[in-house]
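> I would like to see how this sequence folds:
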Amino acid sequence: MTIIQSFDEGKFKHLEGELLDVTQMAAVSAARAAGHGDKNAADEAAVNAMRKSLGDIRGIKTVVKIGEGERDEAPMLFIGEEIGNGSFQIDLAVDPLENTNATAKLGPNAICVLAASNPGGLLSASDGYMDKLVVGPKVAGKINIKNSVEANISIIAATLNRDIDDLTITVLDRDRNQELIRRIIATGARAQVIADGDLIPGILTCISGASTHALMGIGASPEGVVTATAVKMLGGEMQAKFWPRNEEDKNRLISMGIDLNKVYNQDDLAKGDHLIFCVTAVTSLSTATKHILDGVSFFGGGAKTNSLLITKGGIEFISKTHILDQTEFDRSRSEYRL
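Predicted structure coming up:
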């Protein structure tokens, strides 16, 4: 007889603070490596700190369901990687350091992010790309990624009772998105064209007063799954279609069970009943018109971090001062431990 164990929601909720510590330590490590012109070193610092911090959480086993690396691309947190040997399993979607280019130049909007769920609660897929459309709660249920760009913008404007030229649509500045940007501008809406990092702009569509009315365009799929967890808890809507760049991408996605003709929504990407989203700013996080989070700041013997925690209970903005044990700081690997 098979005994099915129920998921311990209380134990999962208790992990909120410990998972937030993971993004905080990754951010501190990345921040120490920031501004030295080496994005790979900063990325490695964040990955090492995230992996170490996850391994330090007692009693759990974390399984990376979607990440940015494959098994042979160490030190990335690869898809299928298991960290810890506890009996309580959680699944993760991770982006140890989003916006590595900005980190290398000490520019804005670099973040460390993870999303967690009960086992089976996050889509496991290739570290590829997807076409995304994200809107906030007021527009949820009204848009369709299969519509024309112009039709969706008209729907957003009408639903929000705004003129089209009042809308701000965020898009990644990539060759693949240039036609989309042109069409957005042609409607009269404002296109906020960003150099890197479409994860936070997607979430900001769900936060009143953030001045981001939609996210559109093709971006990375790991960020898409992480975005979906927050959007789901905040009551917004995300639609996405996987976008293979070539036959190799296409075959890999199909082998992982991805339906290339399907429009995935936030419930498909993050179907778990129990979800946690954590983000810590490495450098100052803001939109064109709104400041969101301060980046990591250092002082003698410590650092201060600023984070965002999203759960079923809502959103928390959290500032934390860390007193760092310098005897356990390996400057060559940029790792901090509390």
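> show me where pLDDT drops low in this protein?
1-5, 69-75, 325-338 (pLDDT under 70).
> not counting sequence-adjacent ones, nearest residue to H291?
S284 (7.3 Å; Cβ to Cβ, 6 or more residues apart in numbering). Backbone N, C-alpha and C define where each C-beta goes, glycine included.
> what about the one you found, how many neighbours?
18 (other Cβ atoms under 10 Å).
> dump the residue contacts of it.
Counting by Cβ atoms under 8 Å, 6 or more residues apart in numbering, S284 makes contact with 108-109, 291, 293-295.
> for A230, same thing?
Taking Cβ under 8 Å, 6+ apart, one finds 115, 202-203, 206, 277, 310 in contact with A230.
> the stretch 51-200 of the chain: strands as residue ranges?
For the stretch 51-200 of the chain, the strands defined by DSSP state E, counting those that start in this stretch occupy 60-66, 82-83, 88-98, 111-117, 129-135, 168-172, 190-194.
> next one: the shortest one to chain centre, how far?
Centroid separation between strand 82-83 and its chain, computed with Cα atoms, centre = their mean, to the nearest Å, is 19 Å.
> which strands or helices does it pack on?
Applying 3 or more Cβ pairs under 8 Å, 6 or more residues apart in numbering; DSSP states H and E, one finds that strand 82-83 contacts helix 39-56, strand 60-66.
> strand partners of that strand, parallel vs antiparallel please.
strand 60-66 (antiparallel) (DSSP bridges).
> I'd like to know which of the contacts of S284 are buried.
108-109, 293, 295 (16 or more other Cβ atoms under 10 Å).
> Serialize the residues you listed to JSON lines and add fields for distance to A31.
Shown next, in JSON lines, are those (distance: Cβ to Cβ, whole Å):
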{"residue": "P108", "distance to A31": "13"}
{"residue": "N109", "distance to A31": "13"}
{"residue": "L293", "distance to A31": "13"}
{"residue": "G295", "distance to A31": "7"}
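> and which of those residues is nearest T23?
Nearest to T23, judged by Cβ to Cβ, of these is L293 at 11.5 Å.
> torsion angles phi and psi at that closest one?
L293 adopts backbone torsions of phi -140, psi 140, taken as degrees, to the nearest 10.
> all further residue positions should be reported with the first residue as 31.
OK, 31 is where the count begins now, so the last one is L323.
> ok, it - contacts?
309-311, 314-315, 336-338, 347.
> show me which of these are buried.
Neighbour counting over the contacts of L323 (16+ other Cβ under 10 Å) leaves 309-311, 314-315, 336-338 as the buried ones.
> related to what we said a few turns ago, compare the helices and strands packed on strand 112-113 and give me the one nearest G265.
From the helices and strands packed on strand 112-113, taking Cβ to Cβ, the stretch that ends up closest is strand 90-96, at 22.6 Å.
> that closest one versus helix 69-86: what angle between them?
Interaxial angle of strand 90-96 relative to helix 69-86 (axes from the mean of the first three to the mean of the last three Cα atoms, to 10 degrees): 140 degrees.
> so what's the gap between strand 90-96 and the chain middle?
16 Å.
> any idea how far the top helix by length along the chain is from the chain center?
If you go by DSSP state H, the chain has its longest helix at helix 39-63. Averaged C-alpha coordinates place helix 39-63 at 14 Å from its chain's average position (Cα atoms, centre = their mean).
> for that helix, name the packing helices and strands.
helix 69-86, strand 118-128, strand 141-147, strand 305-311, strand 332-341, strand 344-353.
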